[in-house]
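Q: would you be able to build a 3D model of this:
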Amino acid sequence: MAIAIALIVLALGSVLFHFLSPWYFTPIASNWASIDTTIGITFWVTGFVFVAVNLFMAWAVVRYRHRRENRAEYQPENKKLEGWLLVVTAVGVAAMLAPGLLVWAQVIDVPQDAQVVEVVAQQWNWSYRLPGKDGKLGTTHARFVTDGNPFGLNPADAAARDDVLVASPELHLPLGKPVKLLLRSKDVLHDFGVAEMRVKMDLVPGQVTYAWFTPTRTGTFDVLCEELCGVGHFAMRGRIVVDEPAAYATWLEGQSTSTQLAQRGHGDAAAGKVLFATCVACHGANGEGNQLLNAPRLGGQSAWYLERQLHLFKAGARGKDDKDTYGKMMAPMAATLPDDAAIANVAAYIASLPETPPATTINGDIDRGRRLYATCAACHGADARGTAATNAPRLQGMSDWYMARQLRNFRDGVRGSDPADHHGAQMRLVAGMLRDDAVIGDTLAYLNSR
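A: Residues are numbered from 1 along each chain as shown. The predicted structure is shown next:
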C-alpha cells in the first residue's frame, strides 16, 4: 500500500509542480508562438501518459498484491490489449509529431522579404555582417581569414566592399521585420540561441545553417551559445537589441562597411605626441609606466585597444565603480581628449613608442601558469601578443602588477559591469575562473617568462 500511495503522490505532485512552478518559458518576443503550442501539446500528451501509467501501477500494486488464496494466471499474449496499446500509442505519437512537422515546415520557409544577417561564431565571440546598400552579402572563405580580415571576406568580390561589419556581440534589429540568420562558425561547433525569440540552431564548421524569426516587441535579449564549445563556453554571450525602425536606421547608419574600415586611418601619431604630453607625468615619456603612480605600461599595446579603453573611460563605462580608485583617476584624464580624432591620434602615438619591457614584480609557478594560460590563449593568442579579431589585447610584456589588479577587478565585478562594456563583461565572466590570487600570480609568472 505504501508503494501505491507513493506512486499516486508522485503523479499528482508532478502535475502540481508543472502548473505552480515559477520556472517556465520566458515571455516570447517573436512570431514563434506555434513552437510554444507544440511544446504545450507534448506536455499534455506525455503528462497524460505519465499520470495514467503511475495510477495504473498504483492500482496494479493494490489489486494484484500478494495474497495466499490468489493464483497467478499465465497469458502469453492478449490480442485485444495489444490492439488497444497499439492504437493509443500511435495516436499519442502522432499528436506529438504532427504539430512539430507543421512548425518545421514554417521554420524552413523563410519569407522572401526577410532581412539577411550573417552570424559568425568563434571561441568565444559573436560578430555579425549585414548587406550594404547593394542588398547582397559578399562571398567569404576560410583561406581569407586573417587578423585584419576576421570575417574572411573575398577581396575580389565587389559585393563584399559595402558589407556592414559589426565586430561586437551586440546586434540591433528592427521591430516587426522578419530576419534570416545565416550561421557560420570559424572553429568548432557552436549553437546560436535566443530564448525569447525561440531560436536555437547549430553553427557547424564548413557549413552555413540558418534560422529566421520576426521580432514582435522591443527590448534587449541575451544571445547564448548552447553547445559546449570549450572551457570558455559559458562566457560566449551576446545581445540582440530590437529597436523601433527609426532607432534601428540610426544605429545602422553608425556602423562601418568593410571599405570604410579598410580606409580608416590609424590616427596621426605626430598630433598624438602633443596630446600625450598630459600623460607623460604618470605613464612616462616612452609609455613605460610607473608603479608608484599606479600608471601601467602603455608602450607596445595595440592602438585599437587603447582607443576602446579611452572611449570607455570618456563615456563613463569604465572607472565609475567606487572600488576602482585608479580608474576614477583616469576617467577625467580621458575626458580632456575632445573627440574621436584626438583619441585615435594619441593611441597611434602610444602604439609607435619603443618597447621597453617593465621590471617583473610577480613570481609564481610557471608550469602551472602555462596550463592556466591555455584558456586565455584562445583569445589573446598563444604568444599573448593580442588578437584584434577576438578583441583581446596584448598581455605579454605589459605591467604584471597592473594586470593582476585588473584581473581581480574583473573577478570581483569592479570592472566589466557596465552594459556598454561588451568585451569587459565577457572578461568578467572568464575572470570568475580565477578562484584566488595564487592562480592569477602563476598565470602572470608564465607571461613574464615569455
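Q: for the nearest residue to residue 31 once chain neighbours are set aside, what are phi and psi?
A: With CB to CB, 6 or more residues apart in numbering as the criterion, residue 31 has its nearest non-adjacent residue at 4.2 Å, and that residue is residue 214. No exception for glycine: its C-beta is placed from N, CA and C like everyone else's. Recorded main-chain torsions at residue 214 are phi -120, psi 110, according to degrees, to the nearest 10.
Q: shouldn't residue 214 be in contact with residue 175?
A: No. Under the criterion of CB atoms under 8 Å, residue 214 is not in contact with residue 175, lying 9.1 Å apart.
Q: any idea how far residue 181 is from the residue nearest to residue 31?
A: When distance is defined by CB to CB, to the nearest Å, residue 214 is 12 Å away from residue 181.
Q: neighbour count: the two, which is higher?
A: residue 181 (26 against 17; other CB atoms under 10 Å).
Q: by mean pLDDT, flag the weakest helix or strand of the protein.
A: helix 258-263 (a mean of 81; mean pLDDT, DSSP states H and E).
Q: now what about it, what contacts it?
A: Surrounding helix 258-263, the residues in contact under the criterion CB atoms under 8 Å, 6 or more residues apart in numbering are 138, 151, 153, 160-163, 165.
Q: quick check: buried residues in it?
A: Along helix 258-263, the positions that meet the burial threshold by neighbour count (16 or more other CB atoms under 10 Å) are residue 258.
Q: just how off-centre is it within its chain?
A: Averaging C-alpha positions (CA atoms, centre = their mean, to the nearest Å) puts helix 258-263 25 Å from its chain's average.
Q: likewise for stretch 254-265?
A: How far stretch 254-265 lies from its chain's middle: 24 Å, per CA atoms, centre = their mean.
Q: number of residues surrounding the nearest residue to residue 169 once chain neighbours are set aside?
A: Closest residue to residue 169 apart from its sequence neighbours, by CB to CB, 6+ apart: residue 238 at 3.5 Å. Counted by other CB under 10 Å, the residues lying close to residue 238 total 23.
Q: what sits against residue 316?
A: Residue 316 touches 331, 418, counting by CB under 8 Å, 6+ apart.
Q: and it, what pLDDT?
A: Looking at residue 316, its pLDDT is 89.
Q: now swap in residue 307 and tell me
A: For residue 307, the pLDDT comes out at 91.
Q: tell me the secondary structure for it?
A: Of the three states, residue 307 takes helix according to DSSP: H, G, I helix; E, B strand; the rest coil.
Q: now do the contacts for it.
A: 267, 343-344, 347.
Q: buried residues in stretch 367-375?
A: For stretch 367-375, the neighbour count (16+ other CB under 10 Å) marks 368-370, 372-373, 375 as buried.
Q: from those residues, which land in helices?
A: The helices in this structure, assigned by DSSP state H, contain 368-370, 372-373, 375 from the buried residues of stretch 367-375.
Q: the least confident helix or strand of the chain: what's the following helix or strand?
A: Moving toward the C-terminus from helix 258-263, the next helix or strand (DSSP states H and E) is helix 269-283.
Q: quick one: contacts of that next one?
A: For helix 269-283, with CB under 8 Å, 6+ apart as the criterion, the contacting residues are 287, 289-290, 293-298, 333, 336-337, 342, 344-352.
Q: just the buried ones from the residues you listed?
A: Among the contacts of helix 269-283, the ones that count as buried by 16+ other CB under 10 Å are 287, 289, 294-298, 337, 342, 344-352.
Q: ok, the residue nearest to residue 169 - contacts?
A: If you count contacts by CB under 8 Å, 6+ apart, then residue 238 has 126, 169-171, 222-223 around it.
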